[in-house]
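> can you look at this prediction? I've put the sequence above it.
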Amino acid sequence: MKNAVIVGFGGMGNYHRKSLAKEPGMRAYGVYDINPEKMKVPAAEGLHLFHSFEEVLRDPAVDVLILSVPNNFHHDMAIQALEAGKNVISEKPVALNSKELEEMIAASKRAGKIFTVHQNRRWDTDYRIVKKSIADNLIGKPFYIESRVQGSNGVPGDWRCVKSSGGGMLLDWGVHLIDQMLYLVKSPVVSIFTHMLSIRFKDVDDNFKVLLRFENGLSALVEVDTWCLIPLPRWHVSGTDGTLVVRGWDNSGEIVRVKERTEHWEPGIVYTAAGPTRTMAPRPIETIEKLPLPHVETDELDFYRNVAAAIDGKEELLVKPSEALRVMNVIDAVFLSAKTGASVACHI
Ligand SMILES: NC(=O)c1ccc[n+]([C@@H]2O[C@H](COP(=O)([O-])OP(=O)(O)OC[C@H]3O[C@@H](n4cnc5c(N)ncnc54)[C@H](O)[C@@H]3O)[C@@H](O)[C@H]2O)c1
């Protein structure tokens, strides 16, 4: 059982505390937060309280640090911890840009310690449904994927609306959705176009759409909106044999696919609710079938189990630094496209 110290005991620090209570290969040994008020709950639970970051690094009983501090602190704290011989799990976004992340990866290689990122949304049920549907060929070859999250409350009024703290939705939710997409589509990204706005929070992005084109011909739209009162589906996937939709966090949705790939054109004009049109006329019902979304089982605690096993040299990391670097390279290009208004050619 590895001893973990949670650094930063806010919303996500509490999440880690609850997850580690199930002892998935590691347990919460202690906590450090710069704000003493935040240490009251872990104190009541009998966790070891650290009063400085350096004190955490000096304690030989500590195996792994979980950095759940605001985004701008991840880089320096991870490097310090790795140099002190600790293993490190960083919250997402692991860094503010790829240069920072390259320095962190170099520090982990020098130290020979485990370094990974809490990309927990790889374990989300909606994502696993899409991944399984594609892997099981339920909609044929996918050619266009839309992945979006849309809230209606704006950006939480904390460090997330401050640019210098690593605020903004690209680094917040964008990093999850891009990580999912790169882990789903096994092909290099060859062009990136961004539409990015600051609608209600002028210092940071609070609404963006990113169009990713992959070398294998597939395109993907990744969208995050914080001011939308009528949300579009969480996932909409177009394949050569059908369409998949996952509507929202309740994972409702379905697959509709053709029974045969042949077209059934009526000889003349067709009169539809949309007026006279053959192109947009509904498909004859007997040519399509509706499938329920496949059932998937996921356990987000596998993330911690894997890190504990990787520390013992028994498993390869599931969230590899090289994968995190790919995500950060895409994010750099997304910001560049937002700044220039042009698409960025790349090979990521
Ligand atoms: N993986 C996920 O699904 C997910 C979800 C939410 C947040 N996060 C990430 O977790 C991190 C924290 O987010 P949060 O929502 O918990 O924020 P938060 O503001 O709720 O908590 C941050 C905590 O860090 C403490 N802190 C700030 N500076 C510190 C320092 N220098 N040293 C020690 N403690 C310090 C604050 O006092 C606070 O208690 C962010 O990187 C965020 O992106 C990840």
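Nice, I can see it. Worth saying up front: this structure is predicted, and the values here are computed from it rather than measured. Residues are numbered from 1 along each chain as shown.
> looking at it, Met26 is touching Ala309, isn't it?
No. The criterion here is C-beta atoms under 8 Å, and Met26 misses it with Ala309 at 10.4 Å. Glycine gets a C-beta too; all of them are placed from N, C-alpha and C.
> so between the two, which is more surrounded?
Shown here are Met26 and Ala309; by other C-beta atoms under 10 Å, Met26 has more neighbours (23 against 16).
> got a list of what whichever residue of the chain sits closest to the ligand touches?
Residue nearest to the ligand within the chain: Gly10 (1.8 Å; C-beta to the nearest ligand atom). Contacts of Gly10 were listed using C-beta atoms under 8 Å, 6 or more residues apart in numbering, and they are Asp33, Lys38, Ser68.
> number of residues surrounding the first one?
So the one you mean is Asp33. Applying other C-beta under 10 Å, we find 20 residues neighbouring Asp33.
> do you know how far the residue nearest to it when sequence neighbours are not counted is from Gly30?
Counting by C-beta to C-beta, 6 or more residues apart in numbering, Asp33 lies nearest to Phe9, which is 4.2 Å off, once chain neighbours are set aside. Using C-beta to C-beta, to the nearest Å, Phe9 is found at 10 Å from Gly30.
> ok, now Gly242?
For Gly242 relative to Gly30 (C-beta to C-beta), the value is 51 Å.
> re the thing from before, what's the local residue count around the residue nearest to Asp33?
25.
> what does the model give it for pLDDT?
Looking at Phe9, its pLDDT is 97.
> please identify which helix or strand holds Tyr144.
strand 142-150 (DSSP states H and E).
> does the ligand sit close to the helix or strand following that strand?
Counting by DSSP H and E, the next helix or strand C-terminal to strand 142-150 is helix 169. No. Using C-beta under 6 Å from any ligand atom, helix 169 never reaches the ligand; the gap is at least 11.0 Å.
> so how far is helix 169 from its chain's centroid?
Here helix 169 shows a centroid-to-chain-centroid distance of 12 Å under the convention C-alpha atoms, centre = their mean, to the nearest Å.
> pLDDT check: weakest of the contacts of Gly10?
Lowest pLDDT of the contacts of Gly10: Lys38, 93.
> do I have it right that it meets Phe9?
Yes. Taking contacts as C-beta under 8 Å, Lys38 lies within contact range of Phe9: 4.5 Å.
> what helix or strand does the nearest residue to Ala274 once chain neighbours are set aside sit in?
Spatially, and ignoring its direct neighbours in sequence, Ala274 is nearest to Met280 (5.5 Å; C-beta to C-beta, 6+ apart). Of the helices and strands defined by DSSP H and E, none includes Met280.
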